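# After the sequence you'll find the predicted model.
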Amino acid sequence: MEPIDVSLDLDRLVARLGRWSAGRGPLYLLLAARLRRLIDEAALPPGALLPPDRRLAKALAVGRTTVVAAYDTLRQEGRLVRRQGSGTRVARPALAPEAPRVTETSNPLFLHLLEAPDDVILLSCAALSQPPPELAEAYRSLVLPDGDIGYHPAGLAALRTAVAGRYAARGVPTDPGQILVTTGAQQALSLLTRLLLAPGDGVLVEAPTYPGALDLFREAAAVPLPVAVGPDGVDVAEAVRLMERHRPALAYVVARFQNPTGAVLPPLAGRRLVEAANALGVPLVDDEVLTDLAFDTASPPGPPLSSYGEVIAVGSLSKVVWGGLRIGWLRGPAPLVARLARLKALHDLGSDLPSQLAAARLLDGFGPVLAARLASARAGHDHLRAELGRLLPSWSCAPATGGQTLWVRLPHGDGVTFAQLALRHGVAVLPGATTDALGGSLRHLRLHHLAPPEILTEAVRRLAAAWAEYTPGPAPERASLRGITL
């Protein structure tokens, strides 16, 4: 795991701790156990300076005695060194080799997926828990091709053709050579980052935005250039000024059902953004992963950004079909797609062929799959909002017109410390601060509405219990989840 100087980034350490408090037993032992694991895995390298007791206690919404006891436990084990005036540091083992420096995520979205299953309801990672029956049927009816070695770095021709047809149906004529099939949309963003960004390059991002993209840009040592998002999406006037001033190497936006706010960029604003980016030579990436999830099918949002000019569009089946179907794509100029295909070949030789065959079959009869998904999304959205209004009426939560999440504003405090208290009540939520490169969105939470109604109801009940205990400073300790059931 990545060596980090936690004295410089308290929020990152808190994220790395993950669901540390969700077990049973005294909180100080739970905290010591998670810190021990991070030390043993070299995520906290020898000599790293840990946060002072009071700062870490405040960030974790626990009493200072919890942190002191955890630190002392590890000191007695020889894993920490505590000295008056020099703070608490990870001990340096004798003759310990230097750990190689690698880059890993501290994103709560991804770290929660790495945790063992437990009693925590995950409202942090928006993922469907049940694939549609059409997916199993698509796999059952697979006919593997004869005389095919199975390696297709750019993607299976039939699937590239099917995806190109979807763009043509939306008013964007597309040749299959403009489509690259990827292992999910995350790989498409990763390939673009590797190809287009170098250390020190500027990248325009929305604030807030999808934290998985921010992780990739940070991994590339690029410099985020954030632009605020409002009710109508990104501030296009400010984005244009920023592009004119800095000429970033890349601009990344989510035009429809923006992640995490749910905002939709109006057509005229979208046209202006595309024309400005094209005129300035700034590659513009539009993350379309959520674009199909419009609740009002009779009056969907305007045309895609790709209809206004040269845009690199990224899509996926994970939000409509299932996250386990690791099929995404990228639409862009054919020369760019060819370069990205060569880069993808270097990393995996091509995405899983049976999954591509199943995806092509699904897209051939996609109407019923999408209709069922939209009905479920609308119902989940309405149910979660109703439960929040019933049990947490002081929270602000505007209705969304599509997507899969709600953007909630707390009346006081901050999302990071409340998320720690919520964990001890059995709910994982995504603090808004983890999505915002401007350093804002501190009072916000992102909650998904993909779980079954009974799970959403229980999640809100737990959140309400956590809120009843919450204060903006250290909160009462809670040692276990006894008495809480799914």
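Nice, I can see it.
# and stretch 16-33, C-alpha only, in PDB?
This file holds the C-alpha atoms of stretch 16-33, laid out as PDB (Å, rounded to 0.1, in the frame of the first residue of the first chain):
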ATOM      1  CA  ARG A  16      -7.700   4.600   4.800                       C
ATOM      2  CA  LEU A  17      -9.100   3.500   8.200                       C
ATOM      3  CA  GLY A  18     -12.300   2.500   6.300                       C
ATOM      4  CA  ARG A  19     -15.000   0.700   8.400                       C
ATOM      5  CA  TRP A  20     -12.700   0.500  11.400                       C
ATOM      6  CA  SER A  21     -15.400   1.000  14.000                       C
ATOM      7  CA  ALA A  22     -18.000  -1.400  12.600                       C
ATOM      8  CA  GLY A  23     -17.000  -4.400  14.700                       C
ATOM      9  CA  ARG A  24     -17.600  -5.400  18.300                       C
ATOM     10  CA  GLY A  25     -15.600  -4.400  21.300                       C
ATOM     11  CA  PRO A  26     -14.100  -1.200  22.700                       C
ATOM     12  CA  LEU A  27     -13.500   1.500  20.100                       C
ATOM     13  CA  TYR A  28      -9.800   1.900  21.100                       C
ATOM     14  CA  LEU A  29      -9.100  -1.700  20.300                       C
ATOM     15  CA  LEU A  30     -10.900  -1.500  17.000                       C
ATOM     16  CA  LEU A  31      -8.900   1.600  16.100                       C
ATOM     17  CA  ALA A  32      -5.700   0.100  17.200                       C
ATOM     18  CA  ALA A  33      -6.400  -3.000  15.100                       C
END
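# What number of neighbouring residues does the nearest residue to residue 399 once chain neighbours are set aside come out with?
If the residues on either side of it in the chain are set aside, residue 399 comes closest to residue 385, at 6.4 Å by C-beta to C-beta, 6 or more residues apart in numbering. The way it works is simple: take the backbone N, C-alpha and C, and place the C-beta from them, glycine included. A total of 20 residues lie near residue 385 under the criterion other C-beta atoms under 10 Å.
# One more: residue 348?
Using other C-beta under 10 Å, residue 348 has 13 other residues around it.
# before we move on, what about residue 145?
11.
# In a helix, it, correct?
No - under DSSP: H, G, I helix; E, B strand; the rest coil, residue 145 sits outside any helix and is assigned coil.
# Pull out the buried residues from the helix or strand encompassing the residue nearest to residue 399.
Assigned by DSSP states H and E, residue 385 belongs to helix 366-391. Within helix 366-391, the residues that qualify as buried are 366, 369-370, 373-374, 376-378, 380-381, 383-385, 387-388, 391, counting by 16 or more other C-beta atoms under 10 Å.
# coming back round to it: can you give me every residue that contacts the residue nearest to residue 399?
Taking C-beta atoms under 8 Å, 6 or more residues apart in numbering, we find residue 385 in contact with 397, 399, 406.
# Can you name the residues that contact residue 311?
274, 277, 284-286, 304-305, 332.
# So which of those residues belong to helices?
Judged by DSSP state H, the contacts of residue 311 include 274, 277 as members of helices.
# who does the longest strand along the chain touch, helix- and strand-wise?
Counting residues, the longest strand found in the chain (DSSP state E) is strand 223-230. In terms of contacts (3 or more C-beta pairs under 8 Å, 6 or more residues apart in numbering; DSSP states H and E), strand 223-230 is packed against strand 202-207, helix 211-219, helix 236-246.
# okay, the longest one in PDB with CA atoms only?
Looking back up the chat, that one is helix 236-246. The C-alpha atoms that make up helix 236-246 are tabulated as PDB, following Å, rounded to 0.1, in the frame of the first residue of the first chain:
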ATOM      1  CA  VAL A 236     -19.600  27.200 -18.000                       C
ATOM      2  CA  ALA A 237     -18.600  30.800 -18.000                       C
ATOM      3  CA  GLU A 238     -16.000  30.100 -15.400                       C
ATOM      4  CA  ALA A 239     -14.900  26.900 -17.100                       C
ATOM      5  CA  VAL A 240     -14.300  28.900 -20.400                       C
ATOM      6  CA  ARG A 241     -12.300  31.500 -18.500                       C
ATOM      7  CA  LEU A 242     -10.200  28.800 -16.800                       C
ATOM      8  CA  MET A 243      -9.500  27.100 -20.100                       C
ATOM      9  CA  GLU A 244      -8.500  30.300 -21.700                       C
ATOM     10  CA  ARG A 245      -6.200  31.200 -18.800                       C
ATOM     11  CA  HIS A 246      -4.600  27.700 -18.200                       C
END
